[in-house]
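S.K.: Have a look; sequence and predicted model below, questions after that.
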Amino acid sequence: MSRRSLIAIADLDRDDIARILETSNRFAEVMARDIKKVPTLRGRAIINMFFESSTRTATSFELAGKRMSADVVNVKGSGSSVDKGETLKDTVLTLNAYRPDILVIRHRAAGACVVAARHTDAAVINAGDGKHEHPTQALLDLYTLRRATGTLEGLHVAFVGDVLHSRVARSGATALRTMGAKVTFVTPPTLMPRGAAEGLGVDVSYDIRDIGDADVVYALRMQHERMGKGGFVPSLREYATEYGIGHHRLRPGQLVMHAGPMNRGVEITDDLADDPTALVTTQVESGMIVRMAVMFDLLTEPGTRKGSDAVDEAVAA
Amino acid sequence: MSGRLVQRPGPAASAVFTGARLLDPIAGINEVADLVVRDGVIGGDPDGLERVDAAGMVIVPGFVDPHVHLRTPGREDLEDLASGSRAGASGGYVAIAAMPNTQPPVDDAEDLTRLLELAERDAVIPVGMICAITKGQEGQQLTDAAELARIGAVALSDDGVPVGDAAVFRRALQYQHLAGLVLVLHEEDRALSGTGAMHEGAVSARLGVSGIPAVSEAVAVGRDVLLARYESGRIHICHVSARETVDEVRRGKQLGVAVTAEVSPHHLLLIDEDVESLDAATRKMNPPLRGRDDREALIEALLDGTIDCVATDHAPHGASEKEQPFEEAPFGVTGLETAFAALYTELVLTGRVSLEVLVRRMSGDAARVIDLPEPTLAEGAPANLAVIDLEATWTVGADGFVSKSGNSAFLGRELTGRVQATIAGGQWAWRN
């Protein structure tokens, strides 16, 4: 069987996303049990290649694989042959020789997973490549939202802040639009990608008051590390004043999300970050579950009777 | 003064091409007739010469490319004078001008002399050398342009990098009144381009790849057109990619500035939507593939003469350096082998551009921008011609490439029109 990969949200259609969210529900049942391990991927090998730093994503991919009894190996950018100048292609060719079933890749540059997928028989999962895409983050955000609201159709999500450098916003917007949600980008004029409205089918605004109509306010991290010499906003203080999300900007019932890590006091106020009504920790919890579902999906025959039987089997106690 | 074109000495070509359509738009030739080449010159007595059946083919003045990278000296693993000139010959080129952004850059008499000697040893078609505007292409100290001109440089360029400092560029324009070499300009405001890897627009917004705005090119052209006007200088704008740039060039011409411009086949035929694949080998170049509207402006400008000519910006790169993540791979695609066929297939066969205009823009008009002699089928002229089968179809890359590098923007495309023979500088350079 030729394996699929998950490199961009556009690799998935509406049915694919719905199926992965459904499978995630089933794996969530497993996580509610005392023994949180299933034999589903026994004998499978997963290699996590993180060439860029990560806490949440790396941990959740590793745990997701282990909860499904796969053999999981982690390769970091620093401390590996990458330090010695090995190219991505050669690193992938080397690791491919161990016959992994899945390569999970995070890389600083857009397009890294496209290159990797050419040189491996394994399914490639993009765990974030530059500003390009972070599809599993989008899926876990959808999963989190659907649990919180019941439906994605017609939902209005406002991404606020540094959209320019955000793969979370890009994948998220594409996934939400695919599922029938409405998306608005609210950013400082200097952090709005030119062509965003046309390219991503979203509404765009520089006015923070435009989050008023949204059901969900998604605060984005100011990505200092991708800003080079900086200067995208005059000061973080001014940014926090103009665009920072806190209780004062929200109306009752509005949901708040953040993919972490948070710059407290910049894009989100300290007290809101700790508010139990914010979905931030739910997102983290969802991360592992959804990544289990994605890995499972890539290694079974999705959309077939065999595939759905396999889900039943996978979560059987 | 014309720069030197150098090729490997060899026997002069002699043949009678029978039954072909002879098409030389500049000389006003368009007829089906036999064409005699005797001792490397058009015309003469056909008696005793080899007869080449060219029925159904078209013979045109050979093409001239004012902008190629032959990677010599320094990266002969990617291209050298033999392979690059042969790639040109296979595409119907009879003269090419090599850019000096080599390792080291060609910026003094010694470098230039050595390179011309290499061309005399290796080049199967005439090759001209463009030398740097500034030492080391560092944008500060002018090169010894008068001496370079005397040795035979065809033009000056810091291609790959713009001359960022307006005062230095102004000085180069002033000094041009002594040295006389046209300044060939890679136009870009590096601060605006930043870390960009593709055209800034809806597609870059969707892909999350840093964008190079169209105005990055246009503001640089605007500056240089104004300075050329002020100093009565002569400039040639490389690889125009954006509508805004076309507007600046057109305005310059209307003001009487001595400005010419070129456009590449890939900018005429591909757009940013083609970058969705994130395949750096075939889709990453600088300037980047622009929007649909930009491409329309380029075609219109090529038709109305605002853009004078086609140039390939043939830029060989190795498979491994191109096989990096899109944002990290080097810029550049090859072009000599595919330029005519790609443009014939996509612009002539679709009715956008006539064959006559395409031939002009690839031949005489291209020669003129850097003061090279215009190839012609006129009697008594040195034989510089291409014999082309306009019916033949071929798939780019299916039989490999003549160039040492395979980073073609048209890899895998089926094209119509194949060069069957090239005579360059009076010598056989290619026979299919």
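M.R.: Arrived safely.
S.K.: from the middle of its chain, how far away would the longest helix belonging to chain A be?
M.R.: Counting residues, the longest helix in chain A under DSSP state H turns out to be helix A:280-299. Mean C-alpha position of helix A:280-299 versus that of the full chain (Cα atoms, centre = their mean, to the nearest Å) differs by 9 Å.
S.K.: tell me which residues of it are tucked away?
M.R.: For helix A:280-299, burial by neighbour count (16 or more other Cβ atoms under 10 Å in any protein chain shown) applies to A:280, A:282-299. Placement of C-beta: from N, CA and C, glycine included.
S.K.: cool, stretch B:261-273 as well?
M.R.: The neighbour-count check on stretch B:261-273 (16+ other Cβ under 10 Å) flags B:261-272 as buried.
S.K.: same check, this time on stretch B:107-117
M.R.: Buried-residue list, stretch B:107-117, by 16+ other Cβ under 10 Å: B:107-108, B:111-112, B:115-116.
S.K.: Over that stretch, what's the mean pLDDT, rounded is fine.
M.R.: The pLDDT scores in stretch B:107-117 average 97.
S.K.: quick one on the thing from earlier: does anything pack onto the longest helix of chain A? Which helices or strands?
M.R.: helix A:14-31, helix A:56-67, strand A:102-107, strand A:123-129, helix A:135-149, strand A:255-258, helix A:305-315 (3 or more Cβ pairs under 8 Å, 6 or more residues apart in numbering or on different chains; DSSP states H and E).
S.K.: will you turn the ones you listed into a markdown table that also has mean neighbour count and distance to residue B:145?
M.R.: Below are these laid out as a markdown table (neighbours: other Cβ atoms under 10 Å in any protein chain shown; distance: least, Cβ to Cβ, whole Å):
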| stretch | mean neighbour count | distance to residue B:145 |
| --- | --- | --- |
| helix A:14-31 | 18 | 62 |
| helix A:56-67 | 21 | 56 |
| strand A:102-107 | 27 | 45 |
| strand A:123-129 | 26 | 45 |
| helix A:135-149 | 24 | 54 |
| strand A:255-258 | 23 | 59 |
| helix A:305-315 | 15 | 70 |
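S.K.: and residue B:345, which of those is closest to it?
M.R.: Evaluated over the helices and strands packed on helix A:280-299, closeness to residue B:345 peaks at strand A:123-129, with 34.4 Å, by Cβ to Cβ.
S.K.: Could you give the average pLDDT over the closest one?
M.R.: 97.
S.K.: could you say what helices and strands it packs with?
M.R.: If you count contacts as 3+ Cβ pairs under 8 Å, 6+ apart, strand A:123-129 packs onto helix A:56-67, strand A:102-107, helix A:112-117, helix A:135-149, helix A:280-299.
S.K.: What residues does residue 124 make contact with?
M.R.: Picked chain A for this. Shown in contact with residue A:124 (Cβ atoms under 8 Å, 6 or more residues apart in numbering or on different chains): A:5-7, A:102-105, A:113, A:116-117.
S.K.: oops, I was thinking of chain B
M.R.: B:7-8, B:82, B:85-86, B:89, B:424, B:427, B:429-430.
S.K.: What of residue B:256?
M.R.: residue B:229.
S.K.: how about the lowest-mean-pLDDT helix or strand in chain B: buried residues?
M.R.: Of the helices and strands making up chain B, the lowest-confidence element is helix B:319-322, at a mean of 94, by mean pLDDT, DSSP states H and E. Residues B:321-322 are the ones in helix B:319-322 that count as buried (16+ other Cβ under 10 Å).
S.K.: can I get the CA coordinates of that helix in CSV?
M.R.: Extracted in CSV, the C-alpha atoms of helix B:319-322 (Å, rounded to 0.1, in the frame of the first residue of the first chain):
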residue,chain,number,x,y,z
ALA,B,319,20.5,18.5,-7.7
SER,B,320,21.6,18.3,-4.1
GLU,B,321,21.8,22.1,-3.5
LYS,B,322,18.4,22.5,-5.1
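S.K.: What distance do you get for the residue most central in space within chain A to residue A:9?
M.R.: Of all residues in chain A, the one closest to the mean position by Cα atoms, centre = their mean is residue A:137, 1.1 Å from it. Distance, residue A:137 to residue A:9, by Cβ to Cβ, to the nearest Å: 10 Å.
S.K.: and for the two, which residues touch both?
M.R.: Common neighbours of residue A:137 and residue A:9 (Cβ under 8 Å, 6+ apart) are residue A:171.
S.K.: and the least confident helix or strand of chain B with chain A, contact?
M.R.: Yes. Interface with chain A: helix B:319-322 contributes residue B:320 (Cβ under 8 Å from any Cβ of the partner chain).
S.K.: list the helices and strands that helix packs on?
M.R.: Using 3+ Cβ pairs under 8 Å, 6+ apart: helix B:319-322 touches helix B:280-283.
S.K.: helices and strands around the helix it packs on, which ones?
M.R.: Short answer (3+ Cβ pairs under 8 Å, 6+ apart): helix B:280-283 packs on helix B:319-322.
S.K.: Which residues does stretch B:20-30 contact?
M.R.: Contacting residues not belonging to stretch B:20-30 are listed as B:31-35, B:54-61, B:355-357, B:359-360, B:363-364, B:374, B:376-378, B:387 [Cβ under 8 Å, 6+ apart].
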